[in-house]
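K.L.:
Need coordinates for the below:
(chains A and B)
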Amino acid sequence: MDKEAEKSISALDILNSLERDELISIIQRTAKEKAIFTIELQDGQSRLRRAENRNKILQQNLATLEDDLHALAEEKNWWKEKVTSRSCTCGLFSTTINDLPGELLLNIFQHVDVTEHGILRTVSKTWNKTLKSKIMKRNVFLHLRRIPIRRYDVEYCATVAQRARRLLSPFMTKNLTLEVNYNHPDASFVPVIIENSLQCTSDVLSYCENLKALVLIGYEFPVQFLSGLKEWCPKLKQMSLVRTIVHVPAPIDWQIRPPDTRAAIIDVSVPTEKYSLDTLLDKIDPYITDGDLETYANRLESYEWAKQDDEWLSNKRDTILTYLKKWEPACKDIKDLKLEDAQWRTYRNLSLCEVMSIMRFQV
Amino acid sequence: MSTAASSSTSETIAEPGLKIKVSTKEGEVFELDEKVAKMSQVIRGILEDLGEQNGGDDSVLPLTQVETRIFRKILVWLKYHAGHDKEEAPKAEEDEIIARFCEEIPEWDQKFLNVDQAVILEIMLAADYLDIKKLRGLCCKTVANILKTKTVEQIREMYGIENDFTPEEEEEIRKQTAWCEDEPPRQGSNH
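P.N.:
Numbering: from 1, shown residues only, chains lettered A, B, ... in the order given. Model prediction:
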């Protein structure tokens, strides 16, 4: 007999030796354990599902809390801004800007860029009155921000150019009487305008009641400043720009600009944001036809300054004429273009580009 | 604020020299160095009127419009600048105005004035009362810097200012100040 057979006989012997009741008991016990295991399994599965649900809820709660936290942080910043700008955190002080005497309010306003005065004037009647007062216009500091390079649409560009031309037209007359020169070595903006030194030497004023002529040298500022001058220099009739760039909002792509816009911008004798005068002239070349050049060359003969017998002028004449030919189509509204002899001599060491920028336009 | 504030009668200043006593609105007495005290043109004027006899006796200059808390802060500023500012030759009015408007607020002063706006205004009022031009100018400049970059609505909300313009008046002002406008209307397609 082999071993397997011996094992089977041995198991049979055990079964045979058990009583029937014992067998039933074993079967029942096994069934009960199975039932318990089944219940525990179901319970476990149920708990797992609950845990998963809870996990989902917790995740949702977490997301909600994160949103709340974000909102609270924003609210905190809002309040912080409110508190630091309006009232004091300790609650001991309650002074607001409305409690300040007019003199201090004036002093505050004088530190604000004049280009922002428009905003301040719109705040309330009191502020408007304060900012319009004559004392405010005295000593107002012209601190002009540099306008960042932007892309302007054609329509806006044309509007600005037309406005600039309209606002500048009062300055362009034949009444040249007095002149102020101010040169700032680090000027990337206009820090100050000195009142006509011939009439009042004691004050640095931006409200220049009697200023009739102004020369700005080596500056860079937005065209709004030129139009704003009308506010501060009511009698200003003439101004010259030397080595000065006036930022006129303009599209980056000059090719798409209509001729009238180009004309208006060059009317104020300024290159724009990104271009030097030379570059600008190159840019407008495509607009000039041969026929134009011939016409304008004939008209140029009538310009008085071009006939002056000046050695330097003679040497440069051809080059200048070439430049003027390029300019002429753009300056179609200019009836006379005159560079005075004295000015000519004063600025003879400047580059041609700079000379172009000190030409007097008379519309 | 990085520096401890004040010197009172119980915190006598250690430096030798003439001492000036002043009292605040609440009656608290401070003892100041002559140099520090004279940075206030008001105190300087009073001392000159008195023939500078004040330091030797117990007389106290009353600063009736200045609260103690604000005076303590101002004292911090005065003491710092008395110790750090160089003696400057008197400037021509032109130079003074240019300097006043062109120069940035120094770092120390920026930190000093990094407080609630109400406190800045209190300091400004006190500096005005005491005639400390430099401090008053710094306060004005700080407030001006807060005003910059704010819209009309933000300024009104910030200070609780009611818009008392009619729409027509507002429009008129906008027209008058159109030259200040920075932002172009965005309606073209060449952007």
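K.L.:
quick one, what contacts the residue most central in space within chain B?
P.N.:
Central residue of chain B (CA atoms, centre = their mean): residue B:136, 2.7 Å from the mean position. Residue B:136 is in contact with A:104, A:107, B:124, B:127, B:128, counting by CB atoms under 8 Å, 6 or more residues apart in numbering or on different chains. Where C-beta positions appear, they are placed from N, C-alpha and C, glycine not excepted.
K.L.:
Against residue B:120, how distant is it?
P.N.:
Separation of residue B:136 from residue B:120 (CB to CB, to the nearest Å): 11 Å.
K.L.:
who does the helix ranked longest in chain B touch, helix- and strand-wise?
P.N.:
In chain B, with assignment by DSSP state H, the single longest helix is helix B:68-84. If you count contacts as 3 or more CB pairs under 8 Å, 6 or more residues apart in numbering or on different chains; DSSP states H and E, helix B:68-84 packs onto strand B:29-33, helix B:34-37, helix B:107-112, helix B:117-130, helix B:133-147.
K.L.:
any idea which of the ones you listed is most buried?
P.N.:
By mean neighbour count, with neighbours taken as mean count of other CB atoms under 10 Å in any protein chain shown, helix B:117-130 ranks first of these at a mean of 23.
K.L.:
quick one: average pLDDT of stretch A:130-148?
P.N.:
Taken as a whole, stretch A:130-148 has a mean pLDDT of 46.
K.L.:
swap in stretch A:46-65?
P.N.:
pLDDT averaged over stretch A:46-65 gives 90.
K.L.:
can you check stretch A:98-110 too?
P.N.:
83.
K.L.:
mind putting the helices and strands packed on helix B:68-84 in a markdown table, mean pLDDT included?
P.N.:
Shown next, in a markdown table, are these (pLDDT from 0 to 100):
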| stretch | mean pLDDT |
| --- | --- |
| strand B:29-33 | 90 |
| helix B:34-37 | 90 |
| helix B:107-112 | 90 |
| helix B:117-130 | 90 |
| helix B:133-147 | 89 |
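K.L.:
Which secondary structure element of chain B has the lowest mean pLDDT?
P.N.:
helix B:93-102 (a mean of 54; mean pLDDT, DSSP states H and E).
K.L.:
Wait, a helix at residue A:15?
P.N.:
Yes. The assignment for residue A:15 by DSSP: H, G, I helix; E, B strand; the rest coil puts it in a helix.
K.L.:
Excluding sequence neighbours, find me the nearest residue to it.
P.N.:
residue A:23 (7.8 Å; CB to CB, 6 or more residues apart in numbering or on different chains).
K.L.:
could you give the angle of the strand or helix carrying that neighbour to helix B:117-130?
P.N.:
Following DSSP states H and E, the helix or strand that holds residue A:23 is helix A:20-85. Orientation check (axes from the mean of the first three to the mean of the last three CA atoms, to 10 degrees): helix A:20-85 against helix B:117-130 gives 20 degrees.
K.L.:
Domain-wise, how is chain A divided?
P.N.:
Per the record, chain A has its domains at A:19-83, A:98-137, A:154-362, by automatic domain parsing.
K.L.:
ok so residue B:20 is a strand residue?
P.N.:
Yes. Under three-state DSSP, residue B:20 falls within a strand.
K.L.:
I'd like to know how far residue A:35 sits from residue A:29.
P.N.:
Applying CB to CB, the value for residue A:35 to residue A:29 is 11 Å.
K.L.:
I figured residue A:104 was touching residue B:137, is that so?
P.N.:
No. Applying CB atoms under 8 Å, one finds residue A:104 not in contact with residue B:137, separated by 10.7 Å.
K.L.:
ok, and what's touching stretch B:139-158?
P.N.:
With CB under 8 Å, 6+ apart, stretch B:139-158 has contacts from A:82, A:85-86, A:97, A:104, A:107-113, A:116, A:119-120, A:122-124, B:105, B:110, B:113, B:117, B:120-121, B:123-124, B:127, B:161-163.
K.L.:
Would you show me how to pick out the buried ones of those in PyMOL?
P.N.:
The PyMOL selection below is limited to those of the contacts of stretch B:139-158 classed as buried (16 or more other CB atoms under 10 Å in any protein chain shown):
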select buried, (chain A and resi 85+86+97+104+107+108+109+110+111+112+113+116+119+120+122+123+124) or (chain B and resi 105+113+117+120+121+123+124+127+161)
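K.L.:
Residue ranges in chain B under the pLDDT threshold?
P.N.:
B:1-17, B:51-58, B:88-103, B:176-191 (pLDDT under 70).
K.L.:
I meant chain A, not that one.
P.N.:
Using pLDDT under 70, chain A drops low at A:1-2, A:75-95, A:113-116, A:134-363.
K.L.:
Reformat the helices and strands packed on helix B:68-84 as JSON lines; add distance to residue B:18.
P.N.:
Listed next are these as JSON lines, based on distance: least, CB to CB, whole Å:
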{"stretch": "strand B:29-33", "distance to residue B:18": "8"}
{"stretch": "helix B:34-37", "distance to residue B:18": "4"}
{"stretch": "helix B:107-112", "distance to residue B:18": "26"}
{"stretch": "helix B:117-130", "distance to residue B:18": "19"}
{"stretch": "helix B:133-147", "distance to residue B:18": "22"}
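K.L.:
Go through these and name the closest to residue A:13.
P.N.:
With CB to CB as the measure, helix B:107-112 is the member of the helices and strands packed on helix B:68-84 nearest residue A:13 (99.7 Å).
K.L.:
and that closest one, what does it pack onto?
P.N.:
Using 3+ CB pairs under 8 Å, 6+ apart, helix B:107-112 sits against helix B:68-84.
K.L.:
quick one: the helix it packs on to strand B:29-33, angle?
P.N.:
10 degrees.
K.L.:
Check which residues of helix B:68-84 are buried.
P.N.:
For helix B:68-84, by 16+ other CB under 10 Å, it's B:68-82.
K.L.:
ok and that helix relative to helix B:133-147, angle-wise?
P.N.:
110 degrees.
K.L.:
With only the CA atoms kept, save helix B:68-84 in PDB.
P.N.:
Listed next in PDB are the C-alpha coordinates belonging to helix B:68-84 (Å, rounded to 0.1, in the frame of the first residue of the first chain):
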ATOM      1  CA  THR B  68       2.900 113.900  23.100                       C
ATOM      2  CA  ARG B  69       2.600 110.800  20.900                       C
ATOM      3  CA  ILE B  70       3.300 112.700  17.800                       C
ATOM      4  CA  PHE B  71       6.000 114.800  19.400                       C
ATOM      5  CA  ARG B  72       7.800 111.600  20.400                       C
ATOM      6  CA  LYS B  73       7.900 110.500  16.700                       C
ATOM      7  CA  ILE B  74       9.000 114.000  15.600                       C
ATOM      8  CA  LEU B  75      11.700 113.800  18.200                       C
ATOM      9  CA  VAL B  76      13.000 110.600  16.700                       C
ATOM     10  CA  TRP B  77      13.200 112.300  13.300                       C
ATOM     11  CA  LEU B  78      14.800 115.500  14.700                       C
ATOM     12  CA  LYS B  79      17.500 113.600  16.600                       C
ATOM     13  CA  TYR B  80      18.300 111.400  13.600                       C
ATOM     14  CA  HIS B  81      18.600 114.300  11.300                       C
ATOM     15  CA  ALA B  82      20.500 116.500  13.800                       C
ATOM     16  CA  GLY B  83      23.100 113.700  13.900                       C
ATOM     17  CA  HIS B  84      23.200 112.800  10.200                       C
END
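K.L.:
Which two among the contacts of residue B:136 are spaced furthest apart?
P.N.:
A:107 and B:127 (10.7 Å).
K.L.:
you'd agree residue A:111 is in a strand?
P.N.:
No. Under three-state DSSP, residue A:111 sits outside any strand and is assigned coil.
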